[in-house]
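> The sequence and its predicted three-dimensional model are supplied below.
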Amino acid sequence: KAGVTQTPRYLIKTRGQQVTLSCSPISGHRSVSWYQQTPGQGLQFLFEYFSETQRNKGNFPGRFSGRQFSNSRSEMNVSTLELGDSALYLCASSLDSVSGANVLTFGAGSRLTVL
Amino acid sequence: EDKVVQSPLSLVVHEGDTVTLNCSYEVTNFRSLLWYKQEKKAPTFLFMLTSSGIEKKSGRLSSILDKKELSSILNITATQTGDSAIYLCAVVRGSNYKLTFGKGTLLTVNP
């Protein structure tokens, strides 16, 4: 059974550019969540999608956006990149948070460096 | 706003030692608490604790939930170098199933 797949694994951008990260959840998992991880702040919740709808949202500016497709694959986009956006972006999927199956399975992450 | 505080933030021990990691929380409508281990990149699931399952054990690792004190501990006995990792605690809010993570405890086990 394939795990959560994130692409790309590493990328380098410059300030002002935008970036799109992709996440393919475990087959059958309908909930996809995104987290930003930095050494100082730990894991910070960005948003969660379920059945193509954003169900929860963290406290990030509007430059951070996401979407989920009908096959549960998800993308997140960061526009007008800032140096502080350099981080490890983790995607996690779960069966269905409504049922209480909240055990997230994480992908290996996308390491973004903004120069 | 939900809050999860882990302590200590970092810890260095020798192989064979026993360690206790702490997690305290403030969350509206608590549903469950989860522990994860993060070695390189992806955090991997260790335990989930709920009102109906306040104690879990797997090999040298064990965890207890204290709903009265709004906290949990993760114990690791006879530590090994392979236990070196960041240990993350997260709580789930029952109303919207949103997870909030603590900043983690960095455990270093020296040979």
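That came through fine.
> any weak-confidence spans in the chain?
Using chain A here. Low-confidence segments of chain A (pLDDT under 70): A:1, A:96-102.
> sorry, should have said chain B
Within chain B, no stretch falls below the threshold (pLDDT under 70).
> For the residue most central in space within chain A, identify the helix or strand it belongs to.
The residue lying closest to the centre of chain A (Cα atoms, centre = their mean) is A:W34, at 3.0 Å. Following DSSP states H and E, one finds A:W34 within strand A:31-38.
> Okay, now the sheet partners of that strand, with direction.
strand A:42-50 (antiparallel), strand A:87-94 (antiparallel) (DSSP bridges).
> In it, which residues are buried?
For strand A:31-38, burial by neighbour count (16 or more other Cβ atoms under 10 Å in any protein chain shown) applies to A:S31, A:V32, A:S33, A:W34, A:Y35, A:Q36, A:Q37. Placement of C-beta: from N, CA and C, glycine included.
> Stretch B:31-44 near chain A at all?
Yes. Interface with chain A: stretch B:31-44 contributes B:R31, B:S32, B:L34, B:Y36, B:K40, B:K41, B:A42, B:P43, B:T44 (Cβ under 8 Å from any Cβ of the partner chain).
> taking these as a set, which two sit the farthest apart in space?
Within these, B:R31 and B:K40 form the most distant pair, 29.1 Å apart (Cβ to Cβ).
> Which residue of those two possesses the greater neighbour count?
Neighbours were counted for B:R31 and for B:K40 using other Cβ atoms under 10 Å in any protein chain shown; B:R31 has more, 19 against 7.
> wait, isn't that one in contact with B:T50?
Yes. B:R31 lies in contact with B:T50 (Cβ atoms under 8 Å); the separation is 7.1 Å.
> Can you list phi and psi of the closest residue to B:P8 other than its chain neighbours for me?
Leaving out its chain neighbours, the residue that sits closest to B:P8 by Cβ to Cβ, 6 or more residues apart in numbering or on different chains is B:T105, at 6.1 Å. Phi and psi for B:T105, reported as degrees, to the nearest 10, are phi -120, psi 120.
> what does A:S72 give?
When read as degrees, to the nearest 10, the backbone of A:S72 gives phi 80, psi -10.
> any idea how far the closest residue to the residue nearest to the centre of chain A other than its chain neighbours lies from chain B?
Nearest non-adjacent residue to A:W34, counting by Cβ to Cβ, 6+ apart: A:L46, 4.1 Å away. Counting by Cβ to the nearest Cβ, to the nearest Å, the gap from A:L46 to chain B is 12 Å.
> B:S84 is in contact with B:V109, correct?
Yes. With contact defined as Cβ under 8 Å, B:V109 reaches B:S84; the gap is 4.9 Å.
> So the two - more neighbours on which side?
Using other Cβ under 10 Å, the more surrounded residue of B:V109 and B:S84 is B:V109, with 20 against 16.
> Can you tell me which residues in chain B are near chain A?
Residues of chain B lying close to chain A by Cβ under 8 Å from any Cβ are B:31-32, B:34, B:36, B:40-45, B:48, B:88, B:90, B:92, B:96-104.
> from those, which would you call buried?
Among these, those classed as buried by 16+ other Cβ under 10 Å are B:31-32, B:34, B:36, B:41-43, B:48, B:88, B:90, B:92, B:97-104.
> That's all I had, so thanks and see you.
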